[in-house]
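In: Next comes the sequence, and after it the predicted model I'd like to discuss.
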Amino acid sequence: MIKTLSFAAIHFSVAFSVGYIMTGSVLVGGTMALVEPAINTVAFYFHDKLWTTMDKNKSTDTTQLSHSHV
């Protein structure tokens, strides 16, 4: 859990820094620090689901191939 919190702190810091450096606005940097990680979290959820589905399909395909050669 500490590693996750550490990563979250880095993620928020990077998002804030990029927004602030690009615009000079603390408001934009703060908004980016809140919005970007939230969107990234949702995107990762669907990314992970896709990979899980692909792994299951790959496993099923491999099983079907090994049984078809019997």
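Out: Yep, that arrived.
In: Tell me, please, where in the protein the pLDDT is lower than the cut-off.
Out: Within the chain, the stretches with pLDDT under 70 are 62-70.
In: hmm, try it at 80
Out: Applying pLDDT under 80 to the chain picks out residues 60-70.
In: Pick out the residue closest to the middle of it.
Out: The residue lying closest to the centre of the chain (CA atoms, centre = their mean) is F44, at 3.2 Å.
In: Report the secondary structure element holding that residue.
Out: helix 26-68 (DSSP states H and E).
In: Can you list the buried residues in the helix or strand I10 falls within?
Out: For I10, the enclosing helix or strand under DSSP H and E is helix 2-23. Of the residues in helix 2-23, those buried under the neighbour-count criterion (16 or more other CB atoms under 10 Å) are 12, 15-16, 19-20. (C-beta placed from N, C-alpha, C; glycine too.)
In: and what of stretch 19-36?
Out: 19-20, 29, 32-33, 36.
In: out of those, what pair is the most spread apart?
Out: Y20 and E36 (12.8 Å; CB to CB).
In: quick one on the thing from earlier: ok, the residue nearest to the centre of the chain - contacts?
Out: Listed by CB atoms under 8 Å, 6 or more residues apart in numbering, F44 has no contact partners.
In: ok, now G30?
Out: 16, 19.
In: For it, give its distance to T41.
Out: 18 Å (CB to CB, to the nearest Å).
In: for W51, same thing?
Out: Separation of W51 from T41 (CB to CB): 16 Å.
In: before we move on, what about A8?
Out: With CB to CB as the criterion, A8 and T41 are 10 Å apart.
In: about what we covered before: of all the buried residues of stretch 19-36, which comes closest to D55?
Out: Using CB to CB, the buried residues of stretch 19-36 come closest to D55 at E36, 27.7 Å.
In: how much space is there between the closest one and S25?
Out: Distance from E36 to S25, by CB to CB: 15 Å.
In: Next: M1.
Out: 33 Å.
In: Ok, V42 next?
Out: For V42, the distance to S25 equals 25 Å [CB to CB].
In: Likewise for T52?
Out: Taking CB to CB, one finds T52 at 39 Å from S25.
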